[in-house]
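Enquirer: pasting the sequence and the predicted model now:
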Amino acid sequence: MQIKAKLIDHENLTRTITRLAHEIIERNYGAKNIAIVGIQTRGEFLARRICNKISEMEGFEIPFGVLNITLYRDDVRVKMTQPEVKATNILFDITDKDIILVDDVLYTGRTARSAMDALTDLGRYASIQYVVLVDRGHRELPIKADFVGKNIPTSINEEVKVKLVEVDGEDAVYLVESTGHD
Amino acid sequence: MPLESRHLLGLEGVPKKDIELILETAVGFREIIDRPIKKVPTLQGKTVVNLFFESSTRTRISFELAEKRLSADVLNFTASTSSLTKGETLKDTVRNIEAMKIDMVVMRHTAAGSPHYLTQLIDSYVINAGDGSHEHPTQALLDMYTIKEQMGKLDRLNVCIIGDISHSRVAMSNIFGLLTVGANVAVCGPATMIPRDLKKLGVTVFHNLDDAIQFSDVLNILRIQLERGAASNFPSLREYSRLYGISKEKLLRNKKDVLIMHPGPINRGVELASDIADGSSSVILQQVTNGVAVRMAVLYLIGTRN
């Protein structure tokens, strides 16, 4: 991995999560009807942090779940990859909830599409609002995030690597030279 | 991380990491079958043929459900209503089916080794759904999944398989799989029903049920296959039931709280008393539910590989 730039450090990430939490509360006139769902793997931990922040600010526990979208990915069906299947863990009823869907990087939009398909199979939510830490552009589908931590226009030969303490031992976002593997 | 083998023909020789991968993958699928919409689009566009040359209810339904829940197109082939009755060979039958552009075959056959033979005839992926008295790998995998789910581990667990080991494909697949993942495996039954060379595999052999119960954390009780003449291996069903049938009294006598498993269908009152089959230690119905998840995992891992 050849690092070209460090885009976000720990302090910036903490501030960004606080800002996103404020924006989510403001847009939803509070947090009474929202539920936070993180897309595995790093979206899960970002979602957890946003959820804790909102719960702390609003003074009550926000429903939280983890979504595995492996089985909805279209690249599985065209034999590109065989990703590990993990269990979705959403233990609350999503019916009529405003789902705050959280992921680390928005790129082609295919992950977001898969996540929306997966949520639709779980019940009839009121709405889905999409939160990403980084929007790096290059969309292949007409998808736009509702809440963006940082817009980082990238070239197709670059990648955005999000590192989180929970999985990587550090909080950082790097711009790296593409290795050709996603 | 794909499976090492292209097909799933049995558990003999299947590496530990493959078994663990299937069991871990099944956890994700187990969650799906509790959802309101029990379907994912993963095998959309794939065609799976269930080739059943021997009658089966739960295995065929379990596979069919697993395939449909993965959104595969499913064809069911039953030998008794096919061209086989007109004299067509197995080879010609499967080659004709494959010519219709299929992706996977799930096969049940009375002849041991028939799925292996099938892999030489066709390019599609083959999953063995039971071949004679040889192997029944998905049943063993669902048994292992259920044990792990209930007991939290497989390694160093004492599992005893009770009944007609010689003629049981379920027993053989369980023995191979459980030994691979590090369980202590024992069998118990009349000497006429225990293969002679089993000890060489590292399996403990009991002929006394009390000893077997004392040894065990898990009892996997096999059906006495009356339709295959199993009753000729012991003097009478009554005697078998008295010596090897699992009853509350025998478990209490050994002060043992063991997990009770049975691949079904049960001969109630023969190998298993009704109060035990329906009791709190029995996970027989959980085995059936888990079977769908495990088969979804196998179909996913084989059907989506490069």
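Expert: Structure received. Bear in mind the structure is a predicted one, so any value in this text is a computation, not a measurement. Residues are numbered from 1 along each chain as shown, chains lettered A, B, ... in the order given.
Enquirer: list the beta-bridge partners for the residue nearest to the spatial centre of chain A.
Expert: The centroid of chain A falls nearest to residue A:103 when counting by Cα atoms, centre = their mean (0.9 Å). Judged by DSSP bridges, the bridge partners of residue A:103 are residue A:132.
Enquirer: that one contacts residue A:134, doesn't it?
Expert: No - between residue A:103 and residue A:134 there is no contact under Cβ atoms under 8 Å: 9.4 Å. Bear in mind the C-beta positions are built from the backbone N, C-alpha and C, glycine included.
Enquirer: tell me which other helices or strands the longest helix seen in chain B touches.
Expert: Counting residues, the longest helix found in chain B (DSSP state H) is helix B:284-303. The contact analysis (3 or more Cβ pairs under 8 Å, 6 or more residues apart in numbering or on different chains; DSSP states H and E) places helix B:284-303 against helix B:16-32, helix B:58-69, strand B:104-109, strand B:125-131, helix B:137-151, strand B:259-261.
Enquirer: out of these, nearest to residue A:48?
Expert: Each of the helices and strands packed on helix B:284-303 has some distance to residue A:48 by Cβ to Cβ; the shortest is helix B:16-32, at 19.1 Å.
Enquirer: the very next helix or strand once past the closest one close to chain A?
Expert: Under the assignment DSSP states H and E, the closest C-terminal helix or strand after helix B:16-32 is strand B:47-52. No - contact of strand B:47-52 with chain A is not found when judged by Cβ under 8 Å from any Cβ of the partner chain; the minimum separation is 13.2 Å.
Enquirer: find the nearest non-adjacent residue to residue 102, please.
Expert: No chain in the question, so chain A it is. Spatially, and ignoring its direct neighbours in sequence, residue A:102 is nearest to residue A:47 (3.7 Å; Cβ to Cβ, 6 or more residues apart in numbering or on different chains).
Enquirer: not quite, go with chain B.
Expert: Excluding its sequence neighbours, the residue lying closest to residue B:102 (Cβ to Cβ, 6+ apart) is residue B:47, at 4.5 Å.
Enquirer: likewise residue B:31?
Expert: Leaving aside its sequence neighbours, residue B:31 sits nearest to residue A:87 (Cβ to Cβ, 6+ apart; 4.2 Å).
Enquirer: assumed that neighbour was part of a strand.
Expert: No - counting by DSSP: H, G, I helix; E, B strand; the rest coil, one finds residue A:87 to be coil, located in no strand.
Enquirer: how many neighbours does it have?
Expert: By other Cβ atoms under 10 Å in any protein chain shown, the residues close to residue A:87 number 16.
Enquirer: for it, what are its contacts?
Expert: By Cβ atoms under 8 Å, 6 or more residues apart in numbering or on different chains, the contact set of residue A:87 is A:68, B:27, B:28, B:30, B:31.
Enquirer: 6 Å instead, please
Expert: B:27, B:28, B:31 (Cβ atoms under 6 Å, 6 or more residues apart in numbering or on different chains).
Enquirer: so what pLDDT did it get?
Expert: Residue A:87 is assigned a predicted lDDT (pLDDT) of 82.
Enquirer: tell me which helix or strand in the chain has the weakest average pLDDT.
Expert: With no chain named, the answer covers chain A. One helix or strand of chain A scores below all others by mean pLDDT, DSSP states H and E: helix A:74-77, with a mean of 70.
Enquirer: I was after chain B.
Expert: Lowest mean among helices/strands of chain B [mean pLDDT, DSSP H and E]: helix B:90-98, a mean of 89.
Enquirer: just how off-centre is that helix within its chain?
Expert: With Cα atoms, centre = their mean, to the nearest Å as the basis, helix B:90-98 stands 26 Å off its chain's centre.
Enquirer: ok, and the most crowded of the contacts of residue A:87?
Expert: residue B:28 (21 neighbours).
Enquirer: what's the burial count for the nearest residue to it once chain neighbours are set aside?
Expert: Excluding the flanking residues, the one nearest residue B:28 by Cβ to Cβ, 6+ apart is residue A:85, at 3.7 Å. Using other Cβ under 10 Å, residue A:85 has 25 neighbouring residues.
Enquirer: which residues touch residue A:37?
Expert: Counting by Cβ under 6 Å, 6+ apart, residue A:37 touches A:65, A:67, A:99, A:101.
Enquirer: skipping its backbone neighbours, what lies nearest residue B:193 in space?
Expert: Using Cβ to Cβ, 6+ apart and skipping the chain neighbours, the partner closest in space to residue B:193 is residue B:164 (4.4 Å).
Enquirer: can you get me a residue count around that neighbour?
Expert: Using other Cβ under 10 Å, residue B:164 has 27 neighbouring residues.
Enquirer: how is the nearest residue in space to residue B:204 that is not next to it in sequence assigned, secondary-structure-wise?
Expert: Nearest residue to residue B:204 in three dimensions, chain neighbours excluded: residue B:186, at 3.9 Å (Cβ to Cβ, 6+ apart). What three-state DSSP gives for residue B:186 is strand.
Enquirer: check what pLDDT residue B:186 gets.
Expert: Reading off the model, residue B:186 has pLDDT 98.
Enquirer: residues near it, how many?
Expert: For residue B:186, the neighbour count with other Cβ under 10 Å is 21.
Enquirer: the one 10 residues further on now?
Expert: Residues near residue B:196, counting by other Cβ under 10 Å, number 9.
Enquirer: low-confidence ranges in chain B?
Expert: The model of chain B has pLDDT under 70 over residues B:81-84, B:228-229, B:306.
Enquirer: mind listing what the residue in the stretch 151-300 of chain B that chain A sits nearest to touches?
Expert: Here the residue of the stretch 151-300 of chain B nearest chain A is residue B:300; by Cβ to the nearest Cβ that distance is 6.7 Å. By Cβ under 6 Å, 6+ apart, the contact set of residue B:300 is empty.
Enquirer: please repeat the previous calculation with a cut-off of 7 Å.
Expert: A:85, B:25, B:42, B:70 (Cβ atoms under 7 Å, 6 or more residues apart in numbering or on different chains).
Enquirer: now swap in residue B:50 and tell me
Expert: Residues in contact with residue B:50 (Cβ under 7 Å, 6+ apart) are B:60, B:63, B:64, B:74, B:75, B:76, B:77, B:106.
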